[in-house]
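**Student:** Could you look at this predicted model? Sequence included:
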Amino acid sequence: MNRQIEKLKKQLTEIAEVVNSFQSEAVQVRVVDRLLDEIMETERGDTEGSEIFNKRGRRPSRENEVNQEHGRKKPGATKVLNHLLNSDYFKTPHSISSIAEYCKEKFDSEFKTSELSGILLKLAKENRLKRERSNENNRFEYVGI
């Protein structure tokens with residue numbers, strides 16, 4: 001195990017100059033994280049059973065959460081919006097925040113407005129929805145065509 005740590009130190013020393021060339025600390029962290037994952041993956045193949053080189057466990061994304069009652073995944077934002085598009089929901093204008101709240105209530109799917117905005121904009125560009133500014137609050141609302 002000591003030999004493995006020494007080898008890892010040597011590898012980190014070799015990549016330090018490249019990593020430090022990035023101005024952003026966030027970018028540096030991401031680069032090191034990716035490199036360490038690759039190094040550990042390679043080392044894991046060479047040293048089966050070594051606990052120190054196990055890849056960190058990551059929490060699955062919200063899209064991969066399984067609905068415990070029914071044993072299936074929750075629908076994604078695109079699927080939910082297409083479902084709403086095929087229903088009567090967009091007969092009246094709705095803001096992004098009201099769409100997100102509706103999805104949370106009716107589909108038990110919590111979406112950030114940033115997750116929905118791109119999909120809604122795409123649907124508007126495809127002329128499946130109409131995007132218009134509200135006179136009341138100067139925010140965009142979406143209504144069916």
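**Tutor:** The structure has been received and is ready for your questions. Just so you know, these numbers come straight off a predicted model, no measurement behind them.
**Student:** C-alpha from now on. contacts and neighbour counts both.
**Tutor:** Noted.
**Student:** Now the element after the helix or strand where Leu84 lies, going C-ward?
**Tutor:** For Leu84, the element it lies in under DSSP states H and E is helix 77-86. As assigned by DSSP H and E, the chain's next helix or strand after helix 77-86 is strand 94-95.
**Student:** From the contact counts, what lies against that following strand?
**Tutor:** Judged by 3 or more CA pairs under 8 Å, 6 or more residues apart in numbering; DSSP states H and E, strand 94-95 is in contact with strand 140-144.
**Student:** Where do the strands of the chain begin and end?
**Tutor:** Assigned by DSSP state E, the chain shows strands spanning 66-67, 72-73, 94-95, 129-133, 140-144.
**Student:** The ones you listed: lowest mean pLDDT?
**Tutor:** Comparing mean pLDDT across those, the lowest value falls on strand 66-67: a mean of 47.
**Student:** Let's have the strands of the chain in TSV, adding distance to Ser21.
**Tutor:** TSV is the format used below for the strands of the chain (distance: least, CA to CA, whole Å):
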stretch	distance to Ser21
strand 66-67	41
strand 72-73	42
strand 94-95	44
strand 129-133	44
strand 140-144	42
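**Student:** Who are the packing partners of the longest helix along the chain?
**Tutor:** In the chain, taking DSSP state H as the definition, the longest helix is helix 25-46. Counting by 3+ CA pairs under 8 Å, 6+ apart, the packing neighbours recorded for helix 25-46 are helix 2-20.
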